[in-house]
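> got a predicted structure plus its sequence, pasted below:
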Amino acid sequence: MTPALSIRNLTKNFGPAEIIRGVSLDIQPGERHAIIGPNGAGKSTLFNLISGLHWPTGGTVALHGQTISCLAPHVVNRMGLSRSFQVSNIFANMTVRENVRCAVLWSLGTGYSFWRNIGNLKAAQRRTAEVLDLVGLIDKAHLPAAALPYADQRTLEIAITIAGGADVILLDEPTAGMSHSETERAVALIEKTTRGKTLLIVEHDMSVVFGLSDRISVLVYGEIVASGTPDEIRGDPKVREAYLGDEAEDLPLTGGAA
Ligand SMILES: Nc1ncnc2c1ncn2[C@@H]1O[C@H](COP(=O)(O)OP(=O)(O)OP(=O)(O)O)[C@@H](O)[C@H]1O
């Protein structure tokens, strides 16, 4: 089977600093894959390379077999890969509905000039309503995004990420800054909104990572030091030494959400 994402010998230097140092990774269609690792390991940089925000110094990224490294982010997005950001990407002064509608229109390739084609506008409105309903924000659709509580803003970020119907979704620390109960709700939302899709997630909360993922890769100083099922990663001495330490004892026993 052609992997949904195939990363080969990827490198990225910023000046003399080698930040990503020969990453190779295949992610199969429908897989939920987490990237974990210490602060500064290069996780966000890897996401930036995959989504077209940065171009690699060397190596390639392929989406369903098609090379996407060195393509612009909006082109990669229209090919079916969508990502969220650690720092929220929403338009604060626009309503919740307008935020989602913009994401839908951009994915259709319409930009903001939707008045040129009324058929597009109707399709976008239908899709916007569908997404708002799916994430549970339909009752708050009329509010300015800035008026939402923090957890709802992160939900809106997920709504924007999935709005265009991409089948490969990258989420960068989707539960950062959330309380325990907000995190539980966010995980349920991620499971629901990415069902049947390929998910690549960067996350520091190990209960989220080990509860949600089919496979986990551990990035340390720009290199993947281990890749495997949650059980394999939990038991890997290299991973304990480099990252998990004693926290491994307290992790959920099985990974991979239903
Ligand atoms: N545009 C840039 N120019 C120079 N250095 C950068 C740039 N972007 C990232 N870096 C450096 O690359 C390294 C990896 O950063 P990155 O944000 O990818 O790590 P991370 O694993 O996502 O960290 P965290 O878990 O803290 O978010 C850091 O040392 C960072 O300072």
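Yes, it's here. Residues are numbered from 1 along each chain as shown.
> which residues are in contact with residue 129?
With contact taken as Cβ atoms under 8 Å, 6 or more residues apart in numbering, residue 129 is in contact with residue 138. C-betas here are computed from N, CA, C, even on glycine.
> check residue 60 too.
Going by Cβ under 8 Å, 6+ apart, residue 60 touches 6, 7, 8, 9, 10, 67, 69.
> bridging residues for it?
Beta-bridge partners recorded for residue 60 (DSSP bridges): residue 8.
> per-residue confidence at it?
At residue 60, the predicted lDDT confidence score is 97.
> tell me the two of the contacts of residue 60 that are most distant?
Pairwise distances across these peak at 13.1 Å for 9 and 67 (criterion: Cβ to Cβ).
> quick revisit: any of the contacts of residue 60 buried? List them.
Among the contacts of residue 60, those scoring as buried are 6, 7, 8, 10, 69 (criterion: 16 or more other Cβ atoms under 10 Å).
> dump those to TSV, plus pLDDT and distance to residue 150.
As requested, these are exported to TSV (pLDDT from 0 to 100; distance: Cβ to Cβ, whole Å):
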residue	pLDDT	distance to residue 150
6	98	35
7	98	32
8	97	38
10	98	33
69	90	34
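> near the ligand, which residues of the stretch 1-150 of the chain?
By Cβ under 6 Å from any ligand atom, the residues of the stretch 1-150 of the chain that approach the ligand are 14, 19, 37, 39, 40, 41, 42, 43, 44, 45.
> from those, which land in strands?
When strands are assigned by DSSP state E, the members of these inside them are 14, 19.
> domains of the protein?
Domain segmentation of the chain under automatic domain parsing yields 1-79+200-258, 81-165.
> for residue 175, which of these is the nearest?
Of all the domains of the chain, domain 1-79+200-258 comes closest under Cβ to Cβ, at 5.4 Å.
> what residue ranges in the stretch 51-200 of the chain score low on pLDDT?
Along the stretch 51-200 of the chain, segments meeting pLDDT under 70 span 86-87, 109-119.
> what segments of it are strands?
Assigned by DSSP state E, counting those that start in this stretch, the stretch 51-200 of the chain shows strands spanning 58-63, 66-67, 81-83, 168-172, 198-202.
> partner strands of the second one, with direction?
So the one you mean is strand 66-67. Counting by DSSP bridges, the strands paired with strand 66-67 are strand 58-63 (antiparallel).
> got it, and the last one?
Looking at strand 198-202 with DSSP bridges, its partner strands are strand 32-36 (parallel), strand 168-172 (parallel).
> want to try JSON lines for those, with mean neighbour count and distance to residue 179 as columns?
Shown next, in JSON lines, are the strands paired with strand 198-202 (neighbours: other Cβ atoms under 10 Å; distance: least, Cβ to Cβ, whole Å):
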{"stretch": "strand 32-36", "mean neighbour count": "24", "distance to residue 179": "21"}
{"stretch": "strand 168-172", "mean neighbour count": "24", "distance to residue 179": "18"}
